[in-house]
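**Student:** for reference, the sequence and a predicted model appear below.
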Amino acid sequence: MTANPLVEIETRDLRKSFGDLTVLDGVDFKVRRHQVHALIGPSGSGKSTFLRCLNLLEYPDAGEIFWKGEPVRYRTMRPSELSRHRTKMGMVFQHFHLFPHRNVLDNVVEGPVQVLGTPTRKAREQGMALLQQVGLEDKAKAWPAQLSGGQKQRVAIARALAMNPEVLLLDEVTSALDVEMISGINELLTGLAEGGMTMVVVTHDLAFARQVADCICFFDQGHIVESGTPERVLEQPDSTRLRDFLSSFQT
Amino acid sequence: MYTYGRIFVVSFFILLICTGFAPNAANAETLPPEDQPSLRLSMSGAFQPFSTTDISGNLVGFDADMARELAKQMGYAPELVQNDWAGIQAGLQTGKYDLICGSMAITPQRLEKMLFSLPYYVSGAQIFARRGLETLRGSRIAVTEDSTYARYIERHPEQLPDVEIYTFGSEAEIVAAMNTDKIDAFVSDRIVGGFYIKKGAAGDIEPWGDLLYREAVGIAARPDSAALIRQVNQALLALVQNGTYEKIYRKWVGNAPDVEILFSAWGDYARFIPGPDNSNRPEVNEQKPGFANKLSTMLPLLARGAMLTLLLSIVTAITALGTGALIGIGTVARHTLLRRLSNAFIWVVRGTPLLVQLFMAYFALATAINRLLGFEAVGAMGAAFIALIVNTTAYNAETLRGGINAVDRGQWDAAASIGMTRGKILRRIILPQAFRDSLPSLGNNLVVLIKDTSLVGAITLIELTYVARNVVFQTGQAFLPFLCAAGFYLVIISLVTIGVKSWEARLLRSRKALGETI
């Protein structure tokens, strides 16, 4: 195939089961450069697993993954290749997963120093700049336990950005936050999107998806049932399943 | 001499009958068995051919047969109680049994604390050495803890110059030590040694030199059991007269008993027969040294024992922290064989008692290593370190395994997502957290270790508990030495606990303030 320079990641017929439970039942998907892709769908529809397959936190059972048109041979990858693949994508989790035994700045510089081999001093300078960007430069020496949920998520975003990723994978990053924290994080992400960051966002926040996404994909039972622009998907759903899903948000 | 003995015996017998104490043996035998009260007699069960246990666990041997026949003769149902030699006197004094029928030599020190029957056999102390040993100088000689042999060697160091004395808890370990090159010679009963030679039980040994001394062996009772002892004497006499004694003696020792020597020994010990109302009790030295004086002699000894306890604990604790971490990581290794080996190690070591591990390290492993190398590379101390380190390693590994598994899976995800490899994730993210969370349990393992060092006395190492026991044997004062030992342990463990707590506090600083809950 000829590589489309605008496609960062492509999956073809991606399949994944946990025992008897089929979670991904043949997913074809393209992540386009500088675009924000929102994955929506009911719980258990496979969107989080799909996200984790992209950076190989989970290994697919079958199917192909391409990075910039190059096949990712995940079955035969050496640890160093796996590491390199993962560093191209930053990931932020619902429950932050900060390293509790490291202070805020050390959480951010761990990746650059340990994986990229950035000199500590330089990594710290960059880390401070990132903390400034997420509005936490005064918390550099604080422990994760001393932060609010929103602050923890900002640190987690800074930690992901510190690796200078080409794609950002966001897994329900505001679901565990108190309501008053959510808008701040959403603003931060919107800013990143406007700066041209390629993102894949798993979210239940349809308003945020509509606002920031270029493309929305509706997952159900391991398939992408519908995808398209936010207006198309959210306002003119084709399938009953999407209509049912959307109606469950209108109270 | 012989005639004198016979005359003495007969007159003695008449004397006993005349005093009219103790039930008549003939009467006792007519009692129906179910009405018979039982008489509890103790022996070590580790002193062939006098007492040992058969395959089904019954006590057998000369002492066992004598105990049964004596009890029957006295009109009691015999109940034989196995008790380690080291604690056999304490068992008597605390009423665990009524008599010690366990080859206990009659000595002035023991007569101060117990009553003795007339001797039921006469033997002597003999050195037995590996065949062909040219000189005892520089050799390793074993004795049983709290035996007359141990006392003798203590009091007559001139008899055995330039030797290294090893003290074991029982003859069983001495035989094992002889078979595994731990010692070159040992002091034991001449009959016992003769039995070993006949059976080849202790390797190729031979008597060395003359008898060290002759000793008469009696049946011991509590000081208030004068009537019982008089019954025993009567029963003993009856067994000698009706031939039962000779039969038992021939069965276990192999030749006929020298009754003349036995009788002359009866003459020697007749003055210790308690009269009615405990008259004729030997003078007991009631004068007790002052508390301070006792404590001042005791403390330096105990302190030296505590130093060994401390040394064993510190070296083991530090080493086992590292090895425990390695095995603990092994249990989560990606390599299947490594994981299985680590789990198997933990399973085996945690599933076997430390005392068994100590004996295996000392008698089996150390001996194998020494034979391979051709010199004594691993002694008792080395074996103790091996067993303690292996044991503590398994517990630390299991603790750490639990700690590793308790770290949130999200930590793996987060670290992997920034491209860290498995080794780095373990080293930099998982282990520090697992270690921090395991520290209280690791500290607990350390406390258990310190207390477990009290077992190494079993392989001749003179640590704190061993010293305390020894002081108890020497002074007969049970309370103070153990109280002091307990105090030493408490101090050591308190210091360690404080140390662990402060380390814990430092590692937990990342949780301070808002009190993160995991």
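**Tutor:** On my side now, so go ahead.
**Student:** in a helix, that's where residue B:122 is, yeah?
**Tutor:** No: Residue B:122: not assigned to a helix; according to DSSP: H, G, I helix; E, B strand; the rest coil it is strand.
**Student:** any idea how far it is from chain A?
**Tutor:** Counting by Cβ to the nearest Cβ, to the nearest Å, the separation of residue B:122 from chain A is 74 Å. Where C-beta positions appear, they are placed from N, C-alpha and C, glycine not excepted.
**Student:** show the contacting residues for that residue.
**Tutor:** By Cβ atoms under 8 Å, 6 or more residues apart in numbering or on different chains, the residues touching residue B:122 are B:214-217, B:258, B:261-262, B:265.
**Student:** what parts of the stretch 151-251 of chain A come near chain B?
**Tutor:** A:156, A:159-160, A:162-163, A:169 (Cβ under 8 Å from any Cβ of the partner chain).
**Student:** turn these into a markdown table, including pLDDT.
**Tutor:** Listed next are these as a markdown table, based on pLDDT from 0 to 100:
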| residue | pLDDT |
| --- | --- |
| A:156 | 97 |
| A:159 | 97 |
| A:160 | 96 |
| A:162 | 96 |
| A:163 | 95 |
| A:169 | 97 |
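**Student:** out of these, give me the two with the largest separation.
**Tutor:** A:162 and A:169 (15.0 Å; Cβ to Cβ).
**Student:** could you give the backbone dihedrals for the residue of the stretch 151-251 of chain A found nearest chain B?
**Tutor:** When scored by Cβ to the nearest Cβ, the stretch 151-251 of chain A has residue A:163 as its residue closest to chain B, at 5.5 Å. The phi and psi values for residue A:163, taken as degrees, to the nearest 10, are phi -80, psi 0.
**Student:** how about the spatially most central residue of chain A, secondary structure?
**Tutor:** Centroid-nearest residue in chain A: residue A:169, 1.4 Å away (criterion: Cα atoms, centre = their mean). Following three-state DSSP, we place residue A:169 in the strand state.
**Student:** dump the residue contacts of it.
**Tutor:** Contacts of residue A:169 (Cβ under 8 Å, 6+ apart): A:51, A:54-55, A:89-92, A:199-200, B:417.
**Student:** one more time with 6 Å
**Tutor:** A:51, A:89, A:91, A:200 (Cβ atoms under 6 Å, 6 or more residues apart in numbering or on different chains).
**Student:** one step back: now the residue lying closest to the residue of the stretch 151-251 of chain A closest to chain B once chain neighbours are set aside: which helix or strand?
**Tutor:** Nearest residue to residue A:163, sequence neighbours excluded (Cβ to Cβ, 6 or more residues apart in numbering or on different chains): residue A:111, at 4.9 Å. Using DSSP states H and E, the element containing residue A:111 is helix A:104-111.
**Student:** rewinding a little: wait, which of the contacts of residue A:169 is closest to residue B:127?
**Tutor:** Lowest distance from residue B:127 to the contacts of residue A:169 (Cβ to Cβ) belongs to residue A:91, with 77.9 Å.
**Student:** picking that back up, could you dump the contacts of residue A:169 into JSON lines and include neighbour count, secondary structure and distance to residue B:441?
**Tutor:** Shown next, in JSON lines, are those (neighbours: other Cβ atoms under 10 Å in any protein chain shown; DSSP: H, G, I helix; E, B strand; the rest coil; distance: Cβ to Cβ, whole Å):
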{"residue": "A:51", "neighbour count": "22", "secondary structure": "helix", "distance to residue B:441": "37"}
{"residue": "A:89", "neighbour count": "26", "secondary structure": "strand", "distance to residue B:441": "38"}
{"residue": "A:91", "neighbour count": "28", "secondary structure": "strand", "distance to residue B:441": "33"}
{"residue": "A:200", "neighbour count": "28", "secondary structure": "strand", "distance to residue B:441": "41"}
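**Student:** run through the strands of chain A in chain order.
**Tutor:** A:7-18, A:21-32, A:36-40, A:62-67, A:70-71, A:89-92, A:167-171, A:198-202, A:215-220, A:223-228 (DSSP state E).
**Student:** for residue B:352, find the nearest of these.
**Tutor:** strand A:7-18 (39.2 Å).
**Student:** so who does the residue of the stretch 151-251 of chain A closest to chain B touch?
**Tutor:** A:87, A:90, A:111, B:418 are the contacts of residue A:163 under Cβ under 6 Å, 6+ apart.
**Student:** which of those residues count as buried?
**Tutor:** Restricting the contacts of residue A:163 to buried positions leaves A:87, A:90, A:111, B:418, with burial counted as 16 or more other Cβ atoms under 10 Å in any protein chain shown.
**Student:** okay, now the domains of the chain?
**Tutor:** If you meant another chain, say so; for now it's chain A. A:1-88+A:167-251, A:98-165 (automatic domain parsing).
**Student:** chain B is the one I meant
**Tutor:** If you go by automatic domain parsing, chain B breaks into B:2-122+B:216-278, B:124-213, B:291-511.
**Student:** residue ranges with poor pLDDT in chain A?
**Tutor:** A:1-3, A:250-251 (pLDDT under 70).
**Student:** need the strands for chain B, in chain order.
**Tutor:** B:38-43, B:46-47, B:51-53, B:59-60, B:77-82, B:99-105, B:115-116, B:121-130, B:140-144, B:164-168, B:185-189, B:205-221.
**Student:** residue B:275 is nearest to which of those strands?
**Tutor:** Short answer: strand B:115-116, nearest of these by Cβ to Cβ, at 11.3 Å.
**Student:** quick one: strands adjacent to that closest one?
**Tutor:** strand B:205-221 (antiparallel) (DSSP bridges).
**Student:** now residue A:41. Nearest residue, chain neighbours left out?
**Tutor:** residue A:219 (3.4 Å).
**Student:** which residues in the stretch 251-400 of chain B form helices?
**Tutor:** Secondary structure of the stretch 251-400 of chain B (DSSP state H, counting those that start in this stretch): helices at B:259-269, B:291-330, B:336-350, B:354-359, B:366-373, B:380-406.
**Student:** circling back to that earlier point, give me every residue that touches the residue nearest to residue A:41.
**Tutor:** Listed by Cβ under 6 Å, 6+ apart, the contact partners of residue A:219 are A:39, A:41, A:45-47.
**Student:** re the thing from before, mind giving me the packing neighbours of the helix holding residue A:111?
**Tutor:** When contacts are defined as 3 or more Cβ pairs under 6 Å, 6 or more residues apart in numbering or on different chains; DSSP states H and E, helix A:104-111 packs onto helix A:120-133, helix A:149-161.
**Student:** tell me which of those helices is the most buried.
**Tutor:** Greatest average neighbour count among these goes to helix A:149-161 (a mean of 24), per mean count of other Cβ atoms under 10 Å in any protein chain shown.
**Student:** what does that one contact?
**Tutor:** So helix A:149-161 is contacted by A:90, A:92, A:96, A:98, A:104, A:107-108, A:130-131, A:134, A:136, A:173, A:177, A:181, A:184-185 (Cβ under 6 Å, 6+ apart).
**Student:** likewise stretch B:329-348?
**Tutor:** By Cβ under 6 Å, 6+ apart, the list of residues contacting stretch B:329-348 from outside reads B:327, B:394, B:397-398, B:401, B:404.
**Student:** buried residues, that stretch. List them.
**Tutor:** B:329-332, B:342-343, B:345-346.
**Student:** please save the CA atoms from it in CSV.
**Tutor:** This file holds the C-alpha atoms of stretch B:329-348, laid out as CSV (Å, rounded to 0.1, in the frame of the first residue of the first chain):
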residue,chain,number,x,y,z
ILE,B,329,11.0,-10.7,41.9
GLY,B,330,11.5,-14.2,40.6
THR,B,331,7.9,-15.0,41.4
VAL,B,332,6.7,-12.4,38.9
ALA,B,333,9.4,-13.0,36.3
ARG,B,334,8.3,-13.5,32.7
HIS,B,335,10.5,-16.5,32.5
THR,B,336,8.3,-19.5,33.4
LEU,B,337,11.1,-21.7,34.8
LEU,B,338,12.4,-18.8,37.0
ARG,B,339,8.9,-18.2,38.3
ARG,B,340,8.3,-21.8,39.1
LEU,B,341,11.7,-22.2,40.8
SER,B,342,11.0,-19.1,42.9
ASN,B,343,7.6,-20.3,44.0
ALA,B,344,8.9,-23.9,44.7
PHE,B,345,11.7,-22.4,46.9
ILE,B,346,9.1,-20.4,48.9
TRP,B,347,6.8,-23.4,49.1
VAL,B,348,9.5,-25.8,50.4
